[in-house]
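Q: Fold the following for me, if possible:
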Amino acid sequence: MTHSFDAIILGGGAAGLMCAIEAGQRGRRVAVLERADRLGKKIMISGGGRCNFTNVHCQPRNFLSANPHFAKSALARYAPSDFIALVEKHGIPYHEKTLGQLFCDRSARDILAMLESECRDAGVSIFLNTKIEEVERTTHFAVRAENADFHAEALVVATGGLSIPKIGATSLGYDLARQFGIAIREPWPGLVPLVLSAEDCSSFCDLAGISADVIASCAGHQFREKMLITHRGLSGPAILQISSYWRKPTPVLIDLVPDGEVTAAFRDPKMPRNPSSLRAELRKFLPHRLSDRWLDFHVPTSWTNQSLADLEKKVHGWAISPAGTEGYEKAEVTAGGVDTDELSAKTMESRNVRGLYFIGEVVDVTGHLGGFNFQWAWASGAAAGQDL
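A: Okay, here's the model as predicted:
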């Protein structure tokens with residue numbers, strides 16, 4: 001069976017559905033082809049099932065890309081307020097958490113149901129369980145699936161990245177880019193827990209479950225949020241954020257006491273300079289088990305002013321050299337992807353292959369933790385949908 005449409009969208013996730021809605025509302029005949037048995041699997045598991053659907057403080061600086069200017073146009077033309085208006089139109093209750101993050105009060109299902117409703121109203125055709133076998137381009141795009149063929153003047157690749165393969169992530173988007181001669185920035189796992197070396201893990205990983213407010217720094221970037229010790233290394237928002245910028249063998253620096261000075265009390269000549277006094281001071285800032293364990297490995301060699309100053313420096317710059325990351329299985333996003341130099345920043349269309357678009361996570365634009373990747377999905381999807 002052969003189906004003809006104005007536009008075919010590969011992928012029924014956040015970016016693909018937004019693109020379909022925008023194009024459908026403009027009267028285009030749109031098909032969304034999704035290989036899974038239902039739409040929006042990543043939407044459903046996001047934000048602990050509550051879907052952190054945007055961030056009110058979204059700015060281009062919240063994104064990582066080889067071209068930091070690329071995302072500006074799309075983000076400016078489809079802002080968080082635009083998506084919030086859609087959420088409110090559907091009467092979905094939501095709340096703001098720390099740092100401008102917006103979550104559903106009830107469930108991520110509300111966001112997916114909203115997108116499905118908008119697709120129905122826009123006349124979008126949805127094809128589930130549709131695995132793509134081949135894509136060709138002659139005078140139009142021909143997409144061959146297992147049980148049907150689809151033809152259209154425009155093809156939108158919204159297939160996502162390599163993150164979380166258990167819910168269906170594949171390399172299809174990158175494979176199609178290469179097929180059409182479009183450059184790829186080598187992908188890597190982003191927003192992912194770090195795995196410690198065997199030595200560091202044996203020293204700290206039995207403290208799994210302990211968290212602390214820290215500043216994690218690497219490659220000129222820093223994030224202040226919680227750090228969580230795991231059975232294999234480090235996680236928590238601060239670590240997930242900095243992981244997108246980390247490359248082996250660069251160390252990650254961790255400020256364990258962002259707002260304090262552990263050794264300040266020792267300026268008082270009456271303060272005894274000994275391990276128990278230092279332990280008591282560090283316990284004022286960190287969970288006791290973490291502070292005690294950290295001091296086991298960083299006890300001063302002497303109690304001179306210089307030695308205490310060196311210790312203070314280490315407290316604010318604990319250098320960790322991770323052995324690696326937890327990989328795509330635990331990564332929230334895939335960094336890297338389709339080179340933005342190949343795309344129009346206004347429309348997401350390929351500069352060299354007319355009618356071919358790339359949107360969402362498959363593109364080399366990666367947001368920070370906290371709703372930014374969803375906002376990129378909405379914005380890039382809208383940009384392409386408004387051009388179809």
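Q: Let me see the contact set for Pro144.
A: In this structure residue 144 is Arg, not Pro. Counting by CB atoms under 8 Å, 6 or more residues apart in numbering, Arg144 touches Ile132, Glu133, Glu134, Val135, Glu136, Phe150. To be clear about C-beta, it is placed using only N, CA and C from the backbone, and glycine gets the same treatment.
Q: For the residues you listed, pick the one with the most neighbours.
A: Counting neighbours by other CB atoms under 10 Å, Phe150 leads the contacts of Arg144 with 24 neighbours.
Q: that's a strand at that residue, yeah?
A: Yes - if the criterion is DSSP: H, G, I helix; E, B strand; the rest coil, then Phe150 is within a strand.
Q: about what we covered before: and of the contacts of Arg144, the nearest to Glu199?
A: For the contacts of Arg144, the closest approach to Glu199 (CB to CB) belongs to Ile132, at 45.6 Å.
Q: Against Phe150, how distant is the closest one?
A: 9 Å (CB to CB, to the nearest Å).
Q: what does Leu253 give?
A: 51 Å.
Q: Any chance you could list residues touching both of Ile132 and Phe150?
A: By CB under 8 Å, 6+ apart, Ile132 and Phe150 have these common neighbours: Leu33, Val143, Arg144.
Q: State the distance from the last one to Val135.
A: Taking CB to CB as the measure, Arg144 and Val135 are separated by 8 Å.
Q: do the same with the second one
A: Note on Val143: its distance to Val135, by CB to CB, is 5 Å.
Q: Tell me the residues that contact both of the two, please.
A: Taking CB under 8 Å, 6+ apart as the criterion, Val143 and Val135 both touch Leu155.
Q: downstream neighbour of the strand or helix carrying Cys201 in the secondary structure list?
A: Cys201 is located in helix 198-204, with elements delineated by DSSP states H and E. As assigned by DSSP H and E, the chain's next helix or strand after helix 198-204 is strand 211-218.
Q: What helices and strands are in contact with that next one?
A: strand 221-229, helix 237-243, strand 252-255 (3 or more CB pairs under 8 Å, 6 or more residues apart in numbering; DSSP states H and E).
Q: what pairs with it, and is each one parallel or antiparallel?
A: Under the criterion DSSP bridges, strand 211-218 sits next to strand 221-229 (antiparallel), strand 252-255 (antiparallel) in its sheet.
Q: could you pull out the strands for the stretch 251-388 of the chain?
A: Remark: strands assigned in the stretch 251-388 of the chain by DSSP state E, counting those that start in this stretch are 252-255, 318-320, 324-325, 333-338, 356-358, 366-367.
Q: list the buried ones in the second one?
A: In this case it means strand 318-320. Trp318, Ile320 (16 or more other CB atoms under 10 Å).
Q: and it, how far out from the chain's middle?
A: Remark: strand 318-320 is offset 24 Å from the chain centroid, using CA atoms, centre = their mean, to the nearest Å.
Q: List of residues touching it?
A: The contact list for strand 318-320 (CB under 8 Å, 6+ apart) reads Leu194, Leu196, Asp200, Leu234, Pro251, Val252, Leu253, Ile254, Asp255, Leu256, Trp294.
Q: who wins for most neighbours among those residues?
A: Leu234 (27 neighbours).
Q: so that residue, which of the three states?
A: Leu234 ends up strand, using three-state DSSP.
Q: Skip the chain neighbours and tell me the closest residue to it.
A: Leu194 (4.9 Å; CB to CB, 6 or more residues apart in numbering).
Q: right, and that neighbour touches Ala238 too?
A: No - in this structure, Leu194 is not within contact of Ala238 by CB atoms under 8 Å, at 10.7 Å.
Q: re the thing from before, among the strands of the stretch 251-388 of the chain, single out whichever gets nearest to Gln59.
A: With respect to Gln59, and counting by CB to CB, the nearest of the strands of the stretch 251-388 of the chain is strand 366-367 at 10.6 Å.
Q: Neighbouring strands of the closest one in the sheet, and parallel or not?
A: When pairing is defined by DSSP bridges, strand 366-367 lines up against strand 63-64 (antiparallel).
Q: Who does the spatially most central residue of the chain form a beta bridge with?
A: In the chain, the C-alpha nearest the mean C-alpha coordinate belongs to Val333, at 4.1 Å (CA atoms, centre = their mean). Listed by DSSP bridges, the beta-bridge partners for Val333 are Gly190.
Q: Can you report phi and psi for the residue lying closest to Glu116 once chain neighbours are set aside?
A: Among residues not flanking Glu116 along the chain, Leu39 sits closest, at 6.5 Å (CB to CB, 6+ apart). Main-chain dihedrals, Leu39, degrees, to the nearest 10: phi -80, psi 160.
Q: go on, Lys330?
A: Per-residue torsions, Lys330: phi -110, psi 0 (degrees, to the nearest 10).
Q: can you pull the contacts of it?
A: Contacts for Lys330 (CB under 8 Å, 6+ apart) come out as Pro189, Val192, Pro193.
Q: residues contacting the closest residue to the last one other than its chain neighbours?
A: Nearest-residue entry for Pro193: Ser235, 3.8 Å, with adjacent residues in sequence omitted and distances by CB to CB, 6+ apart. By CB under 8 Å, 6+ apart, the residues touching Ser235 are Pro193, Leu194, Met227, Leu228.
Q: On the pLDDT front, check Ser235 for me.
A: In this prediction, Ser235 carries a pLDDT score of 98.
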